[in-house]
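# Here is a sequence with its predicted model. Questions after.
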Amino acid sequence: MRRRLPSTQALICFEAAARHESYTRAAQELALTQSAVSRQITALEDFLGMALFRRTRHGVALTPAGADYARQISRQLDSMERDTLDAMARQGIGGALQLAAVPTFATRWLIPRLPDFADRHPDITVHIETRTRPFLFNETPFDAAVYTGTPAQAANWAGTRAVLLLHEDVLPVCSPTLLGAKAQLSPAAIARMPLLQQSTRPDGWHQWFDAQKVDAPRARSGPRYELFSMIAVAAAHGLGIALMPRMLIGPELERGELVVACDRPLRAERGYYLVTPASGDERPALMAFSEWLTAEASASKA
């Protein structure tokens, strides 16, 4: 059965014109004439049976229907371009994976281990983009995600299956300057120090002090940062004490930029999960990556 699809050239012209809200700038970008862009968009509107643009004193503006269609088409064209580049890069062999990952885990734990995966599977390319919250796989190009959350959050991610990779054990760290001559600080002493907060985990310090049975009225006070990588830098520069997973700050601890302020780790509520769509068969490339990643996670626990 023949698909009801407009021409790719018409869609490319429409996407460019929608992005610029200008036929002239779209024509300049695509190395076409303004009249050629206009003809392509007119043909697309005839095909769809609806107006995508309206004329204004200053040129053209998207209609509400045109704006909605532009968002959809832009995403699909991006996906087609990625797939084409992947096919060109592979030259018919291997495969490519689109992975969404939480940023600090990706840069500090996953990427340093990827050379081993590349040695084992040189025909598989892994592309990584950052995502911090659940999404619908069928609306993105991603094959899998490395996600951090509680067991309930992982279980409630609709249309997916999740495999626990690592638990997250956190402990207080700071710069050697802030610690001074002391080997370590007591939990009560930490409660009186400047505390660095992670904006997505406002109860982190409160939970740690509760586990130590220490009253800490200022447990939720202090500057907030979105990412663990930001908090690590802030702590290394003496801005306060950070509650960090040890596995994400190994280099700073080895270089002496950070030291453990109190060696009382707490198993946090969150863990790191490999999340994949619940429906559909896994491609060989994804199966190979999943097996490698779970093995690496198991080895790091030892």
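Nice, I can see it.
# so where do the helices sit in the protein?
Counting by DSSP state H, one finds helices in the chain at the ranges 8-20, 23-30, 34-48, 64-90, 103-105, 114-120, 151-155, 176-179, 187-190, 204-211, 228-236, 250-255, 284-301.
# Would you mind checking which of those helices scores lowest on average pLDDT?
Of all the helices of the chain, the minimum mean pLDDT falls on helix 64-90 (a mean of 82).
# can you tell me which of the helices of the chain comes nearest to Thr130?
Counting by CB to CB, Thr130 lies closest to helix 103-105 out of those; the figure is 4.3 Å. Quick note: C-beta positions are derived from backbone N, CA and C, even for glycine.
# list the helices and strands that closest one packs on?
The helices and strands touching helix 103-105, judged by 3 or more CB pairs under 8 Å, 6 or more residues apart in numbering; DSSP states H and E, are helix 228-236.
# Now do the helix it packs on: distance to the chain's middle.
Centroid displacement of helix 228-236 relative to its chain, using CA atoms, centre = their mean, to the nearest Å, is 19 Å.
# ok, residues contacting that helix?
Helix 228-236 has contacts (CB atoms under 8 Å, 6 or more residues apart in numbering) with 103-104, 107-108, 173-175, 196, 198, 223, 225, 240-242, 244-245, 248-249, 252, 257-258.
# quick one: contacts for the closest residue to Trp157 other than its chain neighbours?
Leaving aside its chain neighbours, Trp157 sits nearest to Pro134 (4.6 Å; criterion: CB to CB, 6 or more residues apart in numbering). Taking CB under 8 Å, 6+ apart as the contact definition, Pro134 lies against Tyr147, Gln153, Trp157, Ala158, Thr160.
# Please repeat the previous calculation with a cut-off of 10 Å.
Taking CB atoms under 10 Å, 6 or more residues apart in numbering as the contact definition, Pro134 lies against Ala100, Ala145, Tyr147, Gly149, Gln153, Ala154, Asn156, Trp157, Ala158, Gly159, Thr160, Val275.
# can you check Ile124 too?
By CB under 10 Å, 6+ apart, the neighbours of Ile124 are 90, 93-97, 117-118, 283-286, 288-289, 292.
# Most neighbours among those, which one is it?
Neighbours here mean other CB atoms under 10 Å. Within the contacts of Ile124, the largest count is held by Phe289, at 23 neighbours.
# Among the helices of the chain, which comes closest to Thr56?
helix 23-30 (12.1 Å).
# What is the distance between the closest one and the centre of its chain?
Relative to the chain's own centre, helix 23-30 is displaced by 32 Å; criterion: CA atoms, centre = their mean.
# Okay, buried residues for it please.
Across helix 23-30, burial judged by 16 or more other CB atoms under 10 Å covers Tyr23, Arg25, Ala26, Ala27, Glu29, Leu30.
# Isn't the fifth one up against Ala18?
It stands for Glu29. No. The criterion here is CB atoms under 10 Å, and Glu29 misses it with Ala18 at 11.9 Å.
# Pull out the CA atoms of stretch 215-226 and give them to me as CSV.
Provided in CSV are the C-alpha atoms of stretch 215-226 (Å, rounded to 0.1, in the frame of the first residue of the first chain):
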residue,chain,number,x,y,z
ASP,A,215,19.6,17.0,65.3
ALA,A,216,20.4,19.3,62.3
PRO,A,217,18.0,22.3,62.0
ARG,A,218,20.0,23.6,59.0
ALA,A,219,19.9,20.3,57.1
ARG,A,220,18.0,21.9,54.2
SER,A,221,20.0,25.2,54.2
GLY,A,222,22.8,26.1,51.9
PRO,A,223,23.5,26.8,48.2
ARG,A,224,21.7,24.5,45.8
TYR,A,225,23.2,23.0,42.7
GLU,A,226,21.4,20.9,40.1
